[in-house]
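1. Please work out how this folds:
(one chain, ligands or ions: 1)
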Amino acid sequence: MSARVLDGKWVRDQILSELRPRVERITRDHRPPGLAVVLVGNDPASEIYVRNKIRTCGELGIYSEKLALPDTITTGDLLGMIEGLNQRNEIDGILVQVPLPPHVDKHRILLSVLPDKDVDGFHPVNIGNLVANSSGSKACTPAGIMELLRRYEIPIAGKNAVVVGRSDIVGKPMAMLLLHQNATVTICHSKTSNLAEECRRGEILVGAIGKPAFLTTEFIRPGATVIDVGTNRQADGKLIGDVNPDDVKAVAGAYTPVPGGVGPLTIAMLMANTVQAAEHHLCCG
Ligand code: NDP
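-> The predicted structure follows:
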């Protein structure tokens with residue numbers, strides 16, 4: 001039997017349609033929620049991501065502002081711009097698109113965003129909230145994956161979950177969110193011994209590696225739920241995930257395709273974090 005496809009676009013549409021009345025209520029009672037997106041330089045992938053974020057804001061009625069800055073900007077000037085956004089009442093969320101040019105001190109920039117405007121969930125205060133299972137913005141991609149698992153009623157409590165990848169923006173927060181839902185979580189990385197064996201223990205397997213079709217049959221437990229975060233561009237321009245698409249269909253119980261799986265969830269959760277920040281700022285949540 002072929003594995004069940006977990007459709008990220010269906011989940012995204014649900015999330016966005018649930019946000020719409022909240023945006024309308026905030027707008028009616030106060031003002032539209034506001035998001036500022038800071039883009040430094042001309043990275044083509046970043047430009048596409050930013051365009052999609054701004055477009056989705058428009059579709060939902062969220063006010064958005066794009067600050068396109070030259071890649072020659074200094075850390076000091078960028079800190080000044082973010083401070084300005086921190087002060088502005090009509091801006092509820094600030095997103096600094098990464099990657100930043102190498103000469104910019106990324107850590108200082110991420111630290112400078114007020115934690116309650118940090119809709120990416122990257123500020124150390126929000127990372128601490130995540131670890132403590134307290135409220136606050138959570139990293140959008142892992143938070144979106146949790147929404148997908150919940151809406152497809154995939155059981156998590158008591159299951160073995162294996163996360164391959166330990167980045168600050170995907171792997172680590174993913175592991176923490178699964179742990180908070182009472183999974184028994186293993187985090188794997190490039191130094192893990194017997195990676196395939198570890199992965200095969202996963203009733204839920206999350207691939208967040210950045211290596212095309214790296215996870216093949218030998219890594220997948222039969223019947224597992226496989227979440228593919230990877231977005232790798234092939235020579236022909238097509239996207240491929242970190243999981244081999246033919247193998248996952250044959251072995252898994254359910255899986256997210258690439259494209260159309262995890263990708264659409266990230267922007268939806270950015271919108272959710274922005275609306276939540278606005279509700280928090282305007283005390284109507
Ligand atoms: P990073 O490069 O920051 O992290 C990759 C992780 O994979 C590292 O922890 C690394 O281990 C691990 N890794 C690399 N090679 C191996 C290996 N051979 N065996 C086991 N582990 C390995 O990537 P990100 O977390 O930022 O992104 C991962 C993927 O997800 C990328 O394809 C990215 O494009 C995609 N992505 C997709 C999003 C979406 O919205 N769909 C959002 C964010 C990311 P180590 O720490 O030891 O180096």
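
2. got a pLDDT number for residue 75?
-> Note for residue 75: predicted pLDDT of 98.

3. Tally up the residues packed near it, please.
-> Neighbour count for residue 75, taken as other CB atoms under 10 Å: 17. Yep, even glycine has a C-beta here, placed from its N, CA and C like the rest.

4. try residue 245
-> A count of neighbours around residue 245, defined by other CB under 10 Å, yields 14.

5. measure it to the ligand for me?
-> The spacing between residue 245 and the ligand, counted by CB to the nearest ligand atom, to the nearest Å, is 14 Å.

6. my guess is that residue contacts residue 212, does it?
-> No. Under the criterion of CB atoms under 8 Å, residue 245 is not in contact with residue 212, lying 10.2 Å apart.

7. so after the longest helix along the chain, what's the next helix or strand?
-> The helix spanning the most residues in the chain, taking DSSP state H as the definition, is helix 8-29. Tracing the chain past helix 8-29, the next element assigned as helix or strand by DSSP states H and E is strand 34-40.

8. what comes into contact with that following strand?
-> 46-47, 50, 53-54, 57, 62-71, 73, 78, 81-82, 85, 88, 90-97, 100-101, 104, 119, 270, 274, 278 (CB atoms under 8 Å, 6 or more residues apart in numbering).

9. Among these, which are located in strands?
-> Under the assignment DSSP state E, the contacts of strand 34-40 contribute 63-69, 93-96 to strands.

10. Show the contacting residues for residue 65.
-> Residue 65 sits in contact with 34-37, 91, where contact means CB under 8 Å, 6+ apart.

11. let me fix that: residue 62
-> 23, 32-35, 271, 274-275.

12. I'd assumed residue 251 was in contact with residue 222.
-> Yes. Applying CB under 8 Å, one finds residue 222 in contact with residue 251, separated by 5.5 Å.

13. where are the low-confidence patches of the stretch 151-285 of the chain?
-> Scanning the stretch 151-285 of the chain for pLDDT under 70 picks out the ranges 284-285.

14. ok, and the closest non-adjacent residue to residue 15?
-> Once flanking residues are discounted, residue 15 sits nearest to residue 268: 4.2 Å by CB to CB, 6 or more residues apart in numbering.

15. Relative to residue 144, how far out is the one you found?
-> Computed with CB to CB, to the nearest Å, the distance linking residue 268 and residue 144 is 6 Å.

16. Find residues that contact each of those two.
-> Common contact partners of residue 268 and residue 144 (CB under 8 Å, 6+ apart): 11-12, 15.

17. Which one's more surrounded, residue 222 and residue 251?
-> Between residue 222 and residue 251, counting by other CB under 10 Å, residue 251 is the more crowded of the two (21 against 11).

18. Assess the claim that that one and residue 219 are in contact.
-> No. Look at residue 251 against residue 219 with CB under 8 Å: they stay out of range, at 9.2 Å.

19. does residue 221 count as helix, strand or coil?
-> coil (DSSP: H, G, I helix; E, B strand; the rest coil).

20. Which residues lie in contact with it in this structure?
-> Each residue near residue 221 by CB under 8 Å, 6+ apart is listed here: 199-203, 205, 251.

21. Of those, keep whichever come out buried.
-> For the contacts of residue 221, a burial check counting by 16 or more other CB atoms under 10 Å picks out 199-200, 202-203, 205, 251.

22. Would you mind checking which of the residues you listed is nearest to residue 183?
-> residue 203 (8.5 Å; CB to CB).

23. From residue 157, how far out is residue 148?
-> In terms of CB to CB, residue 148 sits 17 Å off from residue 157.

24. more crowded one of the two?
-> residue 148 (25 against 8).

25. Correct me if wrong, but the more buried one is in a helix.
-> Yes. Counting by three-state DSSP, residue 148 falls inside a helix.

26. Okay, the residue lying closest to it once chain neighbours are set aside and residue 157: tell me how far apart.
-> In space, and not counting its chain neighbours, residue 148 is closest to residue 11: 4.8 Å by CB to CB, 6+ apart. Using CB to CB, residue 11 is found at 20 Å from residue 157.
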